[in-house]
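Q: here's my sequence, what's the structure:
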Amino acid sequence: MPKAAETVLEINLNHLEHNFRYLKGKLKEETKFLGVVKAFAYGSDAVKIAQKLEQLGIDYFAVAYVKEGVQLRDAGIKTPILVLHPQATNFEVLIERGLEPSLYSPKILREFLKVAKKLEQVNYPCHIKFNTGLNRLGFWENDIDYIKEKIDGRNEIKVTSLFSHLAASEDLNEKSFTQSQIDNFKKIAREFDEKIAHSAFKHLLNTSGIINYAEAQFDMVRSGIGLYGFGNNPHIDAELKPVATLKTIISQIHKIEPGETVGYNRAFVSNGYQITATLPIGHADGIGRQYGNGKTFVSVNGQKAPLIGNVCMDMIMIDITNIDCKEGDEVVVFGENPTAEEFAATTNTISYELLTGISQRVKRVYTEL
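A: Numbering: from 1, shown residues only. Below is the predicted model:
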């Protein structure tokens, strides 16, 4: 890629392919693979990411909300799309656009059946989510008889899959809890098969589940963060490749004298002669105020440059006192060094939050190098 001339998020589609093939390599050949492309594909670009994964033969996509699925359909994506957290008000649009809902509560099941009947649907594909310990969304195990009562003798929907979500698959200190979730899901699946839909396929594992509990892959796995280059484990991160690199440039360089201050609220006070650079990126672009005041660094010509002063809406300032650089030079905010995980960790957060928070006013550029 040419050097950045403005703030851009560079999306490397070859890295995406590498990560997809790496994760697929941990599975049985027949196991289906679902790519999670919610939240603008973790801040990248849902359409571009989905188009590339579709070319690679992915089996399913997942989004959080109906609006995200509609965007993919509008872009010509044909692969099945699971909507993980649909709301009843969007069910008609969901059906019209051929999206597949996660039905996770008695209320949502009743509402969907009502809309499916109104739109004269027959065997519309749906996915039933069970809560096995995350305690966020999902039916309880003792709801199986309720589900059976509601759908028996009706043909509006067909249960395509049964699934749940692990709470701590990345933390091996929680191995016993994760194993209890796996065992609970197996028990639910057996009862569901006996009472309702033996043909429904099963899925439980997220990215860390694929890495740490591949024996529980069932019929399909779901990967989000792993596709974008992070495995919640330094050893796995070394095998994956970050898809997104956030770059900007030096707008202006300042020579600061002892006792001078930089930025809002005079948060930085120089204790000597220093040189600072101002960059055209700020908290409106997703680099929150928590990263300022020396907590975090960016890379200028391969050298670490700490953020100084408060992060502004559209600008940050960095210390370049001992770095050979000039106005217009490229700055790497995160990518391979520092990675998004390393950048996020400086303020005790995670790569997910940083990546998904990059504003859509930041220009996305694409490479397959």
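Q: now E6, what's its secondary structure?
A: Three-state call for E6 (DSSP: H, G, I helix; E, B strand; the rest coil): coil.
Q: repeat that for N173.
A: Here N173 is recorded as helix under three-state DSSP.
Q: could you measure it against N212, distance?
A: Distance, N173 to N212, using C-beta to C-beta, to the nearest Å: 12 Å. In this view, the C-beta of every residue, glycine as well, is placed from N, C-alpha and C.
Q: looking at these two, which is more packed in?
A: Each of N173 and N212 has its neighbours counted (other C-beta atoms under 10 Å); N212 has more, 21 against 7.
Q: I128 - that's part of a strand, no?
A: Yes - membership of I128 in a strand is supported by three-state DSSP.
Q: number of residues surrounding it?
A: Neighbourhood size, I128 [other C-beta under 10 Å]: 27.
Q: for the one 10 residues further on, same thing?
A: In terms of burial, G138 registers 22 neighbours under the definition other C-beta under 10 Å.
Q: swap in the one 4 residues further on?
A: Taking other C-beta under 10 Å as the criterion, the count of residues near N142 is 9.
Q: ok, it - contacts?
A: By C-beta atoms under 8 Å, 6 or more residues apart in numbering, the contact set of N142 is empty.
Q: how about the helices in the chain?
A: 13-24, 38-42, 46-55, 66-74, 91-96, 106-118, 144-151, 175-195, 207-212, 234-237, 340-345, 351-356 (DSSP state H).
Q: which secondary structure elements does the third one contact?
A: Right, the one you point to is helix 46-55. Packing contacts for helix 46-55, counted by 3 or more C-beta pairs under 8 Å, 6 or more residues apart in numbering; DSSP states H and E, involve helix 13-24, strand 32-36, helix 38-42, strand 60-63, helix 66-74.
Q: the second one now?
A: The criterion is 3+ C-beta pairs under 8 Å, 6+ apart, and the helices and strands that helix 38-42 contacts are helix 46-55, helix 351-356.
Q: distance from the chain centre to the last one, please.
A: Think helix 351-356. Helix 351-356 sits 7 Å away from the centroid of its parent chain (C-alpha atoms, centre = their mean, to the nearest Å).
Q: next: stretch 184-191.
A: Distance of stretch 184-191 from the chain centroid (C-alpha atoms, centre = their mean) equals 28 Å.
Q: now it: buried residues?
A: For stretch 184-191, burial by neighbour count (16 or more other C-beta atoms under 10 Å) applies to N184, F185, I188, A189.
Q: out of those residues, flag the one nearest to V8.
A: For the buried residues of stretch 184-191, the minimum distance to V8 (C-beta to C-beta) is 42.0 Å, reached by F185.
Q: columns distance to N131 on top of the helices of the chain, output as CSV?
A: Putting the helices of the chain into CSV (distance: least, C-beta to C-beta, whole Å) gives the following:
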stretch, distance to N131
helix 13-24, 25
helix 38-42, 19
helix 46-55, 27
helix 66-74, 22
helix 91-96, 22
helix 106-118, 13
helix 144-151, 13
helix 175-195, 9
helix 207-212, 16
helix 234-237, 27
helix 340-345, 28
helix 351-356, 21
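Q: which one, of those helices, ends up nearest to I128?
A: Closest approach to I128 among the helices of the chain (C-beta to C-beta): helix 144-151, 6.7 Å.
Q: residues touching that closest one, excluding its own?
A: Defining contact as C-beta under 8 Å, 6+ apart, one finds that helix 144-151 is touched by 106, 109-110, 113, 128, 139, 157, 159, 188, 191-192, 195-196.
Q: buried ones among these?
A: Neighbour counting by 16+ other C-beta under 10 Å classes L109, L113, I128, F139, I157, V159, I188, F192, I196 among the contacts of helix 144-151 as buried.
Q: got those residues as TSV, with pLDDT columns?
A: Formatted as TSV, those follow (pLDDT from 0 to 100):
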residue	pLDDT
L109	98
L113	98
I128	98
F139	98
I157	97
V159	97
I188	97
F192	96
I196	92
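Q: what's the most distant pair in those?
A: Using C-beta to C-beta, the two most remote members of those are L113 and I188, lying 20.9 Å apart.
Q: re earlier: out of the helices and strands packed on helix 46-55, the one nearest L82 is which?
A: Checking those against L82 by C-beta to C-beta gives strand 60-63 as the closest, at 4.5 Å.
Q: list the helices and strands that closest one packs on?
A: Looks like strand 60-63 contacts strand 32-36, helix 46-55, helix 66-74, strand 81-83 (3+ C-beta pairs under 8 Å, 6+ apart).
Q: right, and these - which one's nearest K202?
A: The nearest among the helices and strands packed on strand 60-63, by C-beta to C-beta, is strand 32-36 at 10.3 Å.
Q: so what touches the closest one?
A: Applying C-beta under 8 Å, 6+ apart, the contact partners of strand 32-36 are 20, 23-24, 27, 42, 49-50, 53, 58-63, 82, 201, 203, 219-224, 227.
Q: which residue ranges form the strands in the stretch 151-300 of the chain?
A: Using DSSP state E, counting those that start in this stretch, the strands assigned to the stretch 151-300 of the chain run over residues 157-163, 201-203, 220-223, 244-249, 252-256, 261-262, 268-269, 274-279, 297-300.
Q: using TSV, please lay out those strands together with distance to C312.
A: Formatted as TSV, the strands of the stretch 151-300 of the chain follow (distance: least, C-beta to C-beta, whole Å):
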stretch	distance to C312
strand 157-163	43
strand 201-203	44
strand 220-223	36
strand 244-249	13
strand 252-256	13
strand 261-262	11
strand 268-269	12
strand 274-279	9
strand 297-300	15
